[in-house]
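In: Provided below are the primary sequence and the corresponding predicted coordinates.
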Amino acid sequence: MDELSIARAAVARGLMNERQLQEAREIAAGGRSLLSILFDLGYLRPDDLEELTVPREVQVRPAKPPRRVLWLLLGAVPSFLFAVFFFGAGRPASLSVTSLRYENERLRMQLEFEKRKQADLDRQHAAERERLLAMLRGRPERPSVEPIALVQVCLQIVVDPAEMPVVRGSALHRAYDAICAMPDGHTPAVRLARAQAGEMLGQLGAARSDYESALRDNPQLFDAELGLARIDLRNGEIEPAMKRLTRAAQLQPANPLVSYWKGRAHLAQGLPEAARRHFDDALTADPTLRREIRKYRTSD
């Protein structure tokens, strides 16, 4: 390739323009080499000669984006940021407000459902309690229930055995007499049932003796420990009752009756805030205690 062809190839490939080529040709009219003039003017570099002399089809040269495209991209960045800040920032806020309203409505409906469910359970519990109380009073017929099982039914009706409404000749009296007449009355299970029945009937001395005897044979007997705590509390012996409740809590830490009776004990000590905490724990573990706790807490 001659010098003019190389110069025109440089123009075609964007290394210089036509005006620069014309200027170099005018200078080369004086007899100088066209390429040397282009090198002196800085329009071409010696390294460009190898590229210009290689045929176009075998060259591997990365494409350069036009300057107009670069300027368009640079101008689009601020526009994008502006749109995100002024338009996009408002949408998440509105969506979050909508989500919060939906979540509040969902929680409100769930709370209403839980309240209705709890009210239904309270009504069912009250109806079952009245039915069992009628049975224990001997109306309308004598219950055909095994004596120890009947005592357990009584303890499911009332939380405090002292509140069991019984009359002479009732089913509970007959169950107590039957338990006392059992030939295996020395076993811990029979002594425990006899103590629980005696506690409900107000025979606290005999009940305490049976509880202590059953506890000596089985130190892990939770019901005996709790029964002794109830009797101590009923007799006004608060400190011994608290010690027994602490031991009962070690035997069954998750039993809500321990928290309930600790609340009763703190009320007897004149500590309403401590009682409230224990009542809350008992109510969280067993919502059916709400009716009993309401008697001692006006905020329910």
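Out: Alright, I've got the coordinates.
In: count of neighbours near residue 212?
Out: Residues lying near residue 212 (other Cβ atoms under 10 Å) number 14. Where you see a C-beta, it was placed from the backbone N, CA and C, and this is true even at glycine.
In: contact partners for it?
Out: Contacts for residue 212 were tallied using Cβ atoms under 8 Å, 6 or more residues apart in numbering; they are 224, 228.
In: element containing it?
Out: Assigned by DSSP states H and E, residue 212 belongs to helix 204-217.
In: how's this structure carved up into domains?
Out: 3-63, 70-123, 137-202, 219-300 (automatic domain parsing).
In: about what we covered before: and the helix holding residue 212, C-alpha only, in CSV?
Out: The C-alpha coordinates for helix 204-217 follow below in CSV (Å, rounded to 0.1, in the frame of the first residue of the first chain):
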residue,chain,number,x,y,z
LEU,A,204,-58.7,-31.2,107.2
GLY,A,205,-57.0,-33.2,110.0
ALA,A,206,-57.6,-36.6,108.4
ALA,A,207,-56.8,-35.2,105.0
ARG,A,208,-53.4,-33.8,106.2
SER,A,209,-52.5,-37.1,107.8
ASP,A,210,-53.4,-39.0,104.6
TYR,A,211,-51.5,-36.5,102.4
GLU,A,212,-48.3,-36.8,104.6
SER,A,213,-48.6,-40.6,104.7
ALA,A,214,-48.9,-40.8,100.9
LEU,A,215,-46.0,-38.4,100.5
ARG,A,216,-43.7,-40.4,102.7
ASP,A,217,-44.3,-43.5,100.5
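In: now do that helix: distance to the chain's middle.
Out: Remark: helix 204-217 is offset 43 Å from the chain centroid, using Cα atoms, centre = their mean, to the nearest Å.
In: over to stretch 256-274?
Out: 28 Å.
In: average pLDDT across it?
Out: For stretch 256-274, mean pLDDT is 93.
In: returning to what we had before: lowest average pLDDT across the domains of the chain?
Out: Among those, domain 70-123 scores lowest, at a mean of 68.
In: mind listing what's buried in the helix or strand containing residue 196?
Out: Following DSSP H and E, one finds residue 196 within helix 188-200. Neighbour counts over helix 188-200 (16 or more other Cβ atoms under 10 Å) mark 188, 190-200 as buried.
In: from the residues you listed, which single one is nearest residue 266?
Out: Closest approach to residue 266 among the buried residues of helix 188-200 (Cβ to Cβ): residue 199, at 21.6 Å.
In: against which helices or strands is the helix or strand harbouring residue 174 packed?
Out: Counting by DSSP H and E, the element that carries residue 174 is helix 171-180. Counting contacts by 3 or more Cβ pairs under 8 Å, 6 or more residues apart in numbering; DSSP states H and E, helix 171-180 packs against helix 90-136, helix 147-157, helix 188-200.
In: go again using 10 Å as the cut-off
Out: Using 3 or more Cβ pairs under 10 Å, 6 or more residues apart in numbering; DSSP states H and E as the contact test, the elements touching helix 171-180 are helix 90-136, helix 147-157, helix 188-200, helix 204-217.
In: in the helix holding residue 212, what counts as buried?
Out: 204, 206-208, 210-211, 213-215.
In: rebuild those residues as CSV, extending it with pLDDT and distance to residue 284.
Out: Formatted as CSV, the buried residues of helix 204-217 follow (pLDDT from 0 to 100; distance: Cβ to Cβ, whole Å):
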residue, pLDDT, distance to residue 284
204, 92, 31
206, 92, 36
207, 93, 30
208, 94, 31
210, 93, 33
211, 93, 28
213, 92, 35
214, 91, 30
215, 92, 29
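In: tell me the one among these nearest to residue 33.
Out: Nearest to residue 33, judged by Cβ to Cβ, of the buried residues of helix 204-217 is residue 215 at 121.0 Å.
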